[in-house]
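Q: Structure of the sequence below:
(2 chains)
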Number of protein chains: 2
Amino acid sequence: MTTPQLDDTHDPTAVSWVESANAPDTDFPLANLPFGIFRHDYEERPRVGIAIGDQVLDCLAATHEGLFADVDPSVRAALMSWSLNALMALGRDDARAVRRVAHRLLRAGTPEGERARAMAREILVPMDAIGMRVPAEIGDYSDFYASVHHATNVGAMFRPDNPLLPNYKWIPIGYHGRASSIVASGTPVRRPRGQVVATPDGPPTVAPSQRLDYELEVGAFIARGNRQGEPIALADAEQHLFGLCLVNDWSARDVQQWEYQPLGPFLSKSFATTVSPWVVTLDALEPFRAPGFERPAGDPAPLPYLDDATNRARGGFDITLEVWLRTAAMRAAGADAVRLSRGDFSGMYWTLGQMLAHHTSNGCNLRPGDLIASGTVSGPTPDSRGCLLELASRGQSPVALGNGESRAFLQDGDEVMLRGWCEREGFRRIGFGTCAGEVLPVLG
Amino acid sequence: MTTPQLDDTHDPTAVSWVESANAPDTDFPLANLPFGIFRHDYEERPRVGIAIGDQVLDCLAATHEGLFADVDPSVRAALMSWSLNALMALGRDDARAVRRVAHRLLRAGTPEGERARAMAREILVPMDAIGMRVPAEIGDYSDFYASVHHATNVGAMFRPDNPLLPNYKWIPIGYHGRASSIVASGTPVRRPRGQVVATPDGPPTVAPSQRLDYELEVGAFIARGNRQGEPIALADAEQHLFGLCLVNDWSARDVQQWEYQPLGPFLSKSFATTVSPWVVTLDALEPFRAPGFERPAGDPAPLPYLDDATNRARGGFDITLEVWLRTAAMRAAGADAVRLSRGDFSGMYWTLGQMLAHHTSNGCNLRPGDLIASGTVSGPTPDSRGCLLELASRGQSPVALGNGESRAFLQDGDEVMLRGWCEREGFRRIGFGTCAGEVLPVLG
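A: Model prediction:
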């Protein structure tokens, strides 16, 4: 196990020979170097890529050119595979080694950088010339509920007498999601039909969901897994987290309300979940550490398996998160998207490490490429609520969009874009790219 | 699409040259021919097999010997692969073709049978010489709640004022389970630790589960999948069901009670789920059709997407299901296992076709090899309850085992064995084999 630390890759003065990577507002400067899976339009086979400015380092091509000669053969094999699972399975130390080599290759003024620059046409591809895939074959997808603000706001709607259940402050509440319907950013999402009710006890009718919503979440891909029956301790949890992405957990609220008792959400969520395609490694996020949630007086301390000094001091991440909406009318008018909310990931009641430690505490085995998501990221203020259900108070206060339109829930043609980035004095800003999807009308 | 029908493979007078397949009590006569994945002890690579009596037809070897020359090359390729996913993806018609060829190969007195018999040493392997695997790479596992008796009994314990929720008779209630921790019959299951409470509102402590339980279920593997956004109609549902197995959905009831609100069971289930290794095709089950559940007067009719004449007439399957228990003391005394319950799958409130149609009604995509399970199969009588929670009335009435022992919940060393079979006048009895697992003590 290696202690995370700052190194050359976090040097804010380092300059890339890929000029777009030096723009102050790029999500993908030399200090980021997230991994993804892309496809050339001329071949079916997907490839591993590393984002740099508005370009992608083609890891298959770069490996063929001998640029990754310094890493272990097993790592080179992973860089030539079709998904990130192989690299994830090798673990964080090997991914860190790749990121360090890529940093040297893409940096201006170094011998490795000059050698790579001479091969730019072979190893770089413009982002706008390729399609991005879901970055891993996701075996299992687990979704948590880690914002106490979201849990309280939503709980008050579904259970006015009992908003925050007694288990909330003890358990990082989570449930199993649907892996098959996870799609990459840019994939349109079809409005689902489902059973909906006019009164709480039914009878239901089948109708297109009228309460289609997004949920702003942060996801984490699992690196090395654990053997079934053998929990991962909180102190080791982050060694099993490969990196983070943005997640839109699309939700049909009317379907959810009728179906969710007693076994939890099912069809209200399983029609689609969108992920951003670039996995930002925990190494890239190292400068943006934040303390774990500081519990207000009166809240119980976490149980010992969910508590340690490291998690309290630096278990969180300072990630600014935004939701943007572009309606069909805005597109027609050539208008820009509007921002619906802005929040911060550091305000979550549970850290990703606590979620992972809890998830495996019963011996449940995680596998490389599994995805865990945080649940809706909502903050304490009205403008930091991470879904329309909260922003528009269950439809009672539609959100004005500034162009005469308003939204209680999503309409057909609406495009939802999640964005996330980290900024801190003394470091380069890094970002997650976009997690976008447009709502298609219900089928037939 | 082919209409299911009876054919030569259901002829009760057909005799196999594999003598053990002609025993009246075998689960695997010539009329069954279920598919599974096995491993020779001398090689790592798993193979496709077909059970026949106490032997397994090695499909890789049989294909190499040219015995499957009559099927399509894509089907032969599937028979030579490492899991059943490829065969499942081809669909039910191709699996039916394989089963028909296997029937001719394993039948006595036919030219194909005599040719195969001459190669018996090359193509057959004794069941007791091999290990069985989970039969498919399961992408997603969904678990339903389709016995109204189970839902009512358990609901009364968790919600005495509100046992059967208003949605139950409208929705085949289901939730996402954990795919990674599904294991094949025979794999020991370690007792999990978890948060448990002495009073409903906590505070919790972390302890080994004291209320470990089994759940007797029937599982169905998906054949061809559907595209995301495109529901499968009830009339087409069975074309997407490859075959059935037995499922033990191990459950930690004390963990479940504290964690399950509001998002459903999570760690109380995800530590392990056991499946029987032989997938009994819907073709083999054709003679054992039963009507769908006949709703008592006063129950609502199913909504149109969950109702058609075929489902009402023959959407169910008449499968006798039993749970057996062998304790450590019984093993030490050389005593046989005792039967805890016997029920029938035909009494479920929802058919597998209804579950599948509902599952995809929102556009959720199923993939070949996905597993859907029925939920605990409990009948109306006390001796047909499919879990200890019900049999022992939440621990209040421990079940006497006849040797001086009793059980409210499972103890370390207990081996739980699920069995299932079909019998009907004029047809050969077919069975599912065993779904077994022994409880190991909590780790460390």
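Q: How about the contacts made by the residue of chain A positioned farthest from its centre?
A: In terms of distance from the mean C-alpha position of chain A, residue A:203 ranks first, at 37.3 Å (C-alpha atoms, centre = their mean). By C-beta atoms under 8 Å, 6 or more residues apart in numbering or on different chains, the residues touching residue A:203 are A:197, B:170, B:300. Yep, even glycine has a C-beta here, placed from its N, CA and C like the rest.
Q: again with residue A:152
A: Residue A:152 sits in contact with A:163, A:164, where contact means C-beta under 8 Å, 6+ apart.
Q: For it, which three-state class applies?
A: helix (DSSP: H, G, I helix; E, B strand; the rest coil).
Q: hang on, the earlier thing: please narrow the contacts of residue A:203 to those residing in strands.
A: With DSSP state E as the criterion, strands contain residue A:197 from among the contacts of residue A:203.
Q: Please tabulate the contacts of residue A:203 in CSV, including the columns neighbour count, distance to residue A:35 and pLDDT.
A: What follows is these, written out as CSV (neighbours: other C-beta atoms under 10 Å in any protein chain shown; distance: C-beta to C-beta, whole Å; pLDDT from 0 to 100):
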residue, neighbour count, distance to residue A:35, pLDDT
A:197, 18, 44, 97
B:170, 21, 45, 98
B:300, 11, 51, 97
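Q: Which of the contacts of residue A:203 sits closest to residue B:222?
A: Of all the contacts of residue A:203, residue B:222 sits closest to residue B:170, with 23.9 Å by C-beta to C-beta.
Q: Phi, psi for the residue farthest from the centre of chain A please.
A: phi -70, psi 150 (degrees, to the nearest 10).
Q: next one: the one 5 residues further on
A: Note on residue A:208: backbone dihedrals following degrees, to the nearest 10 are phi -60, psi 140.
Q: Which residue is it, in chain A, that comes closest to chain B?
A: Of all residues in chain A, residue A:264 sits closest to chain B, at 2.5 Å by C-beta to the nearest C-beta.
Q: ok now do that residue, which residues does it touch?
A: Listed by C-beta under 8 Å, 6+ apart, the contact partners of residue A:264 are A:175, B:175, B:260, B:262, B:263, B:264, B:265.
Q: do residue A:211 as well
A: A:252, A:253, A:254, A:389, A:395, A:409.
Q: Quick check: pLDDT value at it.
A: Note for residue A:211: predicted pLDDT of 98.
Q: Ignoring the adjacent residues along the chain, who's closest to it?
A: The spatially closest residue to residue A:211, leaving aside those adjacent along the chain, is residue A:253, at 3.8 Å (C-beta to C-beta, 6 or more residues apart in numbering or on different chains).
Q: just checking, that neighbour touches residue A:409?
A: Yes: Residue A:253 is within contact range of residue A:409, at 7.1 Å (criterion: C-beta atoms under 8 Å).
Q: Give me the common contacts of these two.
A: Joint contacts of residue A:253 and residue A:409 (C-beta under 8 Å, 6+ apart) are A:211, A:212, A:213, A:389.
Q: I'd like to know which of those residues are part of helices.
A: Judged by DSSP state H, those include residue A:389 as members of helices.
Q: Tell me the secondary structure at residue A:292.
A: When classified by three-state DSSP, residue A:292 comes out as coil.
Q: how many other residues sit next to it?
A: 24 (other C-beta atoms under 10 Å in any protein chain shown).
Q: residue ranges with poor pLDDT in the stretch 1-150 of chain A?
A: Low-confidence segments of the stretch 1-150 of chain A (pLDDT under 70): A:1-4.
Q: interface residues of it facing chain B?
A: Residues of the stretch 1-150 of chain A lying close to chain B (C-beta under 8 Å from any C-beta of the partner chain) are A:139, A:140, A:142, A:145.
Q: what do you get if the cut-off is 7 Å, keeping everything else the same?
A: A:139, A:140, A:145 (C-beta under 7 Å from any C-beta of the partner chain).
Q: Now render the residues you listed as JSON lines, adding secondary structure.
A: Listed next are these as JSON lines, based on three-state DSSP:
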{"residue": "A:139", "secondary structure": "coil"}
{"residue": "A:140", "secondary structure": "coil"}
{"residue": "A:145", "secondary structure": "coil"}
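Q: Type out the ChimeraX command that picks the buried ones from those.
A: ChimeraX command restricting the residues of the stretch 1-150 of chain A next to chain B to the buried ones, with burial defined by 16 or more other C-beta atoms under 10 Å in any protein chain shown:
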select /A:139,140,145
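Q: Indicate each strand paired with the strand ranked longest in chain A and its parallel or antiparallel sense.
A: Counting residues, the longest strand found in chain A (DSSP E) is strand A:430-440. Sheet pairing of strand A:430-440 (DSSP bridges) gives strand A:189-190 (parallel), strand A:415-422 (antiparallel).
Q: so which of the ones you listed gets nearest residue B:279?
A: The nearest among those, by C-beta to C-beta, is strand A:189-190 at 31.7 Å.
Q: mean confidence for that closest one?
A: The average pLDDT for strand A:189-190 rounds to 98.
Q: Residue A:430 is in contact with residue A:284, correct?
A: Yes: if you go by C-beta atoms under 7 Å, residue A:284 and residue A:430 touch, sitting 5.8 Å apart.
Q: Next, show the common contact partners of these two.
A: A:31, A:32 (C-beta atoms under 7 Å, 6 or more residues apart in numbering or on different chains).
Q: for the stretch 101-250 of chain A, what spans make up the strands?
A: A:124-126, A:130-132, A:141-144, A:174-176, A:182-184, A:189-190, A:193-197, A:204-208, A:212-213, A:216-222, A:241-248 (DSSP state E, counting those that start in this stretch).
Q: Show me how far the longest one is from its chain's centre.
A: The chain centre lies 3 Å from the centre of strand A:241-248; the measure is C-alpha atoms, centre = their mean, to the nearest Å.
Q: Report all helices and strands that that strand contacts.
A: strand A:216-222, strand A:273-275, strand A:280-281, helix A:282-285, strand A:415-422, strand A:430-440 (3 or more C-beta pairs under 7 Å, 6 or more residues apart in numbering or on different chains; DSSP states H and E).
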